[in-house]
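>>> here's my sequence, what's the structure:
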Amino acid sequence: MSDPARHVTVDRDKETGVAVVTLDRPDKHNAITLGMARRLSEIWRGFRYEDEVRAIVVTGAGGRAFCTGVDRTAVAGLPQPASPYTIDDPLIAIGPKANDLWKPVIAAVEGMACGGAFYLLGEAEFLVAGEGAEFFDPHVTYGMVSAFETIHMAQKMPFGEVARMALTGTAERISARRAYETGLVSELTARGGALAAAREAAAVVAASPTEAVQGTVRALWSAKEAARAQALAHAPHLVTLGNLPPERQAGLFTRRSGAHRLR
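Residues are numbered from 1 along each chain as shown. The predicted structure follows:
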């Protein structure tokens with residue numbers, strides 16, 4: 001059995017106070033297994049007790065992908081409640097805010113970031129991306145409702161941009177340049193430069209008094225917290241009512257090509 005700790009690594013720099021959390025499953029585009037999901041939750045909650053960690057960078061290994069969401073083979077056959085008003089979402093607690101962590105988190109994105117990756121990106125304070133980064137949401141293409149993902153990204157992107165991304169599915173991908181132009185990405189680097197730039201920004205943040213930094217993070221999130229919480233409360237039944245049955249989803253995965261248009 002695969003060891004989830006091996007696929008999510010943490011590097012702590014005591015001098016700068018910056019920790020780097022890396023999804024380390026590059027052969028699978030850093031797709032998240034159930035074990036990795038549990039490990040991420042443990043890491044975020046653990047950081048609450050590590051005073052020496054004052055800022056965090058989250059990234060993906062390999063350069064081809066930040067993360068492509070949940071590993072479908074890992075959740076195949078996962079039982080779900082019969083009620084349309086609830087769902088056991090394996091990614092529900094993979095982000096820092098879902099684990100009550102209010103230390104600043106910066107995402108460093110190279111390659112693909114799609115679907116379930118938005119649970120992490122949506123709970124980061126800001127994003128740094130390399131020129132080769134691409135953002136897309138494949139859910140509707142495969143007969144699935146994009147609910148949690150769109151709610152998370154609606155905090156980061158203009159409404160029209162997140163709507164187009166969600167509704168065009170795999171047909172379009174948002175380039176790093178376009179993401180920077182619309183505000184999803186705060187800094188655009190040369191290909192392969194996102195992690196270094198994110199670490200540098202995190203070190204600047206970590207150098208300020210931690211109480212002031214965390215208070216500012218909490219204040220920023222309070223500006224949208226009520227609307228976000230209300231929207232997320234609707235997500236479970238939107239997913240359970242709108243998703244195609246698993247066997248029909250599997251058929252769409254088999255038939256659909258990977259062709260896409262970049263914008």
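>>> so E131 sits right up against L188, yeah?
Yes - applying Cβ atoms under 8 Å as the test, E131 and L188 come out as touching, 6.8 Å apart. Yep, even glycine has a C-beta here, placed from its N, CA and C like the rest.
>>> so what sits against both of the two?
Contact criterion Cβ atoms under 8 Å, 6 or more residues apart in numbering; residues shared by E131 and L188: A176, R177.
>>> which one of those two has more residues nearby?
Neighbours per residue (other Cβ atoms under 10 Å) separate E131 from L188, with L188 holding more: 20 against 16.
>>> so where's the stretch 101-250 of the chain shaky on pLDDT?
Residue ranges of the stretch 101-250 of the chain with pLDDT under 70: 247-248, 250.
>>> that one: helices as residue ranges?
If DSSP state H, counting those that start in this stretch is used as the criterion, the helices of the stretch 101-250 of the chain fall at 117-121, 148-153, 159-168, 176-182, 194-206, 210-222, 225-242, 246-255.
>>> what is the third one packed up against?
Where contact means 3 or more Cβ pairs under 8 Å, 6 or more residues apart in numbering; DSSP states H and E, helix 159-168 is packed against helix 148-153, strand 172-175.
>>> now render the ones you listed as a markdown table, adding mean neighbour count.
Shown next, in a markdown table, are the helices and strands packed on helix 159-168 (neighbours: other Cβ atoms under 10 Å):
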| stretch | mean neighbour count |
| --- | --- |
| helix 148-153 | 24 |
| strand 172-175 | 21 |
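>>> right, and those - which one's nearest K14?
helix 148-153 (31.6 Å; Cβ to Cβ).
>>> what's the distance between the residue nearest to L232 when sequence neighbours are not counted and A231?
Nearest non-adjacent residue to L232, counting by Cβ to Cβ, 6 or more residues apart in numbering: I151, 5.6 Å away. Using Cβ to Cβ, to the nearest Å, I151 is found at 5 Å from A231.
>>> for A212, same thing?
Plainly put, A212 is 29 Å away from A231 if you go by Cβ to Cβ.
>>> next one: G60
Noted for G60: a distance of 26 Å to A231, by Cβ to Cβ.
>>> tell me which of these two has more neighbours.
Legend: neighbour count by other Cβ under 10 Å for G60 and A231, higher for G60 (30 against 18).
>>> ok, that one - contacts?
T22, L23, P26, N30, F66, C67, V109, E110, G111.
>>> can you do 10 Å?
Counting by Cβ atoms under 10 Å, 6 or more residues apart in numbering, G60 makes contact with 21-26, 29-31, 66-68, 107-113, 117, 120, 194-195.
>>> repeat for A65
So A65 contacts 23, 25-26, 28-31, 109-114, 117, 133-134 (Cβ under 10 Å, 6+ apart).
>>> hang on, the earlier thing: pick the most buried one from the helices of the stretch 101-250 of the chain.
Each of those was given a mean neighbour count from mean count of other Cβ atoms under 10 Å, and the largest, a mean of 27, is that of helix 117-121.
>>> hang on, C114 packs against D137?
Yes - the pair C114 / D137 is scored as a contact, 6.2 Å apart, by Cβ atoms under 10 Å.
>>> need the overlap of contacts for those two.
With Cβ under 10 Å, 6+ apart, C114 and D137 have common neighbours G69, E149, M165, T170, R173, I174.
>>> any chance of JSON lines for these, columns distance to L220?
Formatted as JSON lines, those follow (distance: Cβ to Cβ, whole Å):
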{"residue": "G69", "distance to L220": "26"}
{"residue": "E149", "distance to L220": "21"}
{"residue": "M165", "distance to L220": "23"}
{"residue": "T170", "distance to L220": "32"}
{"residue": "R173", "distance to L220": "28"}
{"residue": "I174", "distance to L220": "23"}
